[in-house]
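In: Predicted model and sequence follow; I will ask about them next.
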Amino acid sequence: MNVAVAYEKAAADGRAALVGYLPAGFPTVAGAVDAINAMIDSGVDIVEIGMPYSDPVMDGLVIQRACQVALEAGVRTRDIISTVDQVTGQGVPILVMTYWNPVERYGVDAFARDLAGAGGAGLITPDLIPDEADEWLAASDVHGLDRIFLVSPSSTDERLAMTVRHCRGFVYATAVMGVTGARDATSSLAQPLVARAKAVPGAPPVSVGLGVRNGKQAAEVGAFADGVIVGSALVSALLDASTPEEGLAGIRSLTTELRAGVAAAIR
Amino acid sequence: MSQPDDKGHFGKYGGRFVPEALIAALDELDAAYRKAQTDDDFQAEFGRLLRDYAGTPSMLYDATRLSAEAGARILLKREDLNHTGAHKVRNVLGQALLTKRMGKTRLIAETGAGQHGVATATAAALLDLECVIYMGEVDTQRQSLNVARMKMLGATVIPVTIGSRTLKDAINESLRDWVTTVDKTHYLLGTAAGPHPFPVMVRDFVAGIGTEARAQVLELTGELPDAVCACIGGGSNAIGAFHAFVPDTGVRLYGFEAGGDGIETGRHASSITGGDTGVLHGARTYLLQDEDGQTIDSHSISAGLDYPGVGPEHAWLHDTGRAVYEPVTDAEAMAAFQLLCRTEGIIPAIESSHAIAGALRIVPALTAELGRPPVIIVNLSGRGDKDMHTAGEYFGLFKAEDAR
């Protein structure tokens, strides 16, 4: 399913879209599929599947730990494609969030082809900026995939506009200067950044990531953004659980809370 | 041959593969660096610090006893005699001065063997900057003396306990810190790698190695050398030694990578010889990776060379054939280490011992080709005090438990 449609459906409900992140292969390949399905059942509008990588410079400790477990258990790039394949077809678009080297190693066009073939909607690329993305821009056009680049509070107006123009699906606005990880307070940098991104003519929806951990924060961010991205808090629900069942229950409970949060946002 | 281009590409290598949050800081750094290049005040201050504080120009020493063993004329570029004991002081002084110019108050750095951490902590103390050093937990154990040095100089040393707990993870942790604190912090990257402008900026700050050596060898012999040899981890000392000689096409350039137990064993740190093209730590370059693009842990007896990537300019020099890159095993490096100790009374860093071993290896072929013993400059990039634990264990001078 297309990302734009997911945003349109959420907007028709008068709310921001809820975007949930979980890494492939954690706690196991099958366990991740169960967790993603639990997230979908509990109300996320868009799924981001993280590709575990050895050098995740944009990630904080929670996601690093989960990805390290997945890598040590031997997760492979083909497992990520297979995970996409197993969770697609449920009316929720599936994106992959990945550092660039594994895609380049797989072959940019081959990866795009196989991701599209598995039903994936596109890629979020935390360490690939449009300036270096010619091959990906071409492959995403050929295979009809969305491409989500990041904008930051430190982005100049010129870079912000350039990046937004290259995004398809949505724009990932990093709410804080920092790495992934749940935070207690919502960043004051997020709202102005969203406003700047939305002011770019032709901008796709703008979602805010980095730091959201509960329904209250989801409501705060959902009041001004088109989408709310939650990652580390969901991964923590799995990391902190003593059994797989407890982990899935935690995913369901948090996703339900976050969905209620975006629904309650005053827009 | 104008390299890099304005986006930091050396051919297909280099560039910027970093989170957008860092682009503004890299642009700011690039602008400050470009301005400093043509700023007489900056160059005068940098020159003064290099001369009066770091002790450069370093000597070019005619190593006659080593030469007799080698069957060549070996000239040692004595970067080991610089303040802090390595070439790295040139780079840290340049970047620390830029940090002051950018109005930032905090330096962070990664370190493997500890030499770059010590150099950074030294520059931070001199220029009154807060200093945090990230070091893989494994390296803090094998380089405990340098950890103590950094602390003595006022730096905070943070052991990195995730990943392989070595240099590459210390770089990851430094990048994470930088993303979070970029307003007041400069990341003082220790080698000619990483995102643009680091590779070209670090090269220019250490290029005095080659500039000095070129003038010194001309004065000493009246001619350019037949070859310049240096060890390669990230590649800063080598690019510094090579840069002035790149236009001199008659001078062969040799980079000796850490071959560890041997390329065939898979336990090595030879990213050019035994790796493939990919993206790591912000640049496209050669790196050690598996078939899925995950970084493979490197191995070397030298913590300073134990890095799975290499600076992008070396990747380009390799592809264009201007420089030759070959692996040197731990065993070869340690034999050269001992030889230099015994012939010249110089205890080299184990990093630099790779360059000496490589120079010894190329002598027969060069002699045959030239019809005379070659003149070879070897960059002695650092001194070996920090490596005495490792060397002492290797040569059985004391038991492992006594070395700590």
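Out: Cool, got the structure.

In: any weak-confidence spans in chain A?
Out: Under the criterion pLDDT under 70, the flagged ranges of chain A are A:178-186.

In: That one: strands as residue ranges?
Out: With DSSP state E as the criterion, chain A has strands at A:17-23, A:46-50, A:94-97, A:122-124, A:146-148, A:150-151, A:171-174, A:206-209, A:227-230.

In: Report the distance from the last one to the chain centre.
Out: Between the mean C-alpha location of strand A:227-230 and the chain-wide mean there is a distance of 8 Å, by Cα atoms, centre = their mean, to the nearest Å.

In: what do you get for the shortest one?
Out: If you compare the mean C-alpha spot of strand A:150-151 with that of the full chain, they lie 12 Å apart, counting by Cα atoms, centre = their mean.

In: Let's verify the residue in chain B positioned nearest to chain A: helix, strand, or coil?
Out: In chain B, the residue that lies nearest chain A is residue B:293 (3.0 Å; Cβ to the nearest Cβ). Using the backbone N, CA and C atoms, a C-beta is placed for each residue, glycine as well. Judged by DSSP: H, G, I helix; E, B strand; the rest coil, the three-state class of residue B:293 is coil.

In: closest one to chain B among the strands of chain A?
Out: Among the strands of chain A, if distance is taken as Cβ to the nearest Cβ, the winner is strand A:150-151, at 4.6 Å.

In: ok, back up a step: ignoring the adjacent residues along the chain, who's closest to the residue of chain B closest to chain A?
Out: Of all residues not flanking residue B:293 in the chain, residue A:105 sits nearest, at 3.0 Å (Cβ to Cβ, 6 or more residues apart in numbering or on different chains).

In: Against residue B:145, how distant is residue B:389?
Out: Separation of residue B:389 from residue B:145 (Cβ to Cβ, to the nearest Å): 8 Å.

In: between the two, who's got more neighbours?
Out: residue B:389 (18 against 14; other Cβ atoms under 10 Å in any protein chain shown).

In: Surely the more buried one is in a helix?
Out: Yes - Residue B:389 forms part of a helix when assessed by three-state DSSP.

In: Go through the strand or helix carrying residue B:124 and flag the buried ones.
Out: Residue B:124 belongs to helix B:115-127 when elements are defined using DSSP states H and E. Within helix B:115-127, the residues scored as buried using 16 or more other Cβ atoms under 10 Å in any protein chain shown are B:115-124, B:126-127.

In: ok, and of those, which contact chain A?
Out: Among those, not one lies near chain A by Cβ under 8 Å from any Cβ of the partner chain.

In: Closest one to residue B:353 out of those, please.
Out: Checking the buried residues of helix B:115-127 against residue B:353 by Cβ to Cβ gives residue B:115 as the nearest, at 14.2 Å.

In: pretty sure that closest one is touching residue B:385, no?
Out: No - using Cβ atoms under 8 Å, residue B:115 makes no contact with residue B:385, being 10.3 Å away.

In: Spit out the residues that contact those two alike.
Out: Counting by Cβ atoms under 8 Å, 6 or more residues apart in numbering or on different chains, the residues touching both residue B:115 and residue B:385 are residue B:85.

In: okay, which residue is most central for chain B?
Out: The centroid of chain B falls nearest to residue B:236 when counting by Cα atoms, centre = their mean (3.6 Å).
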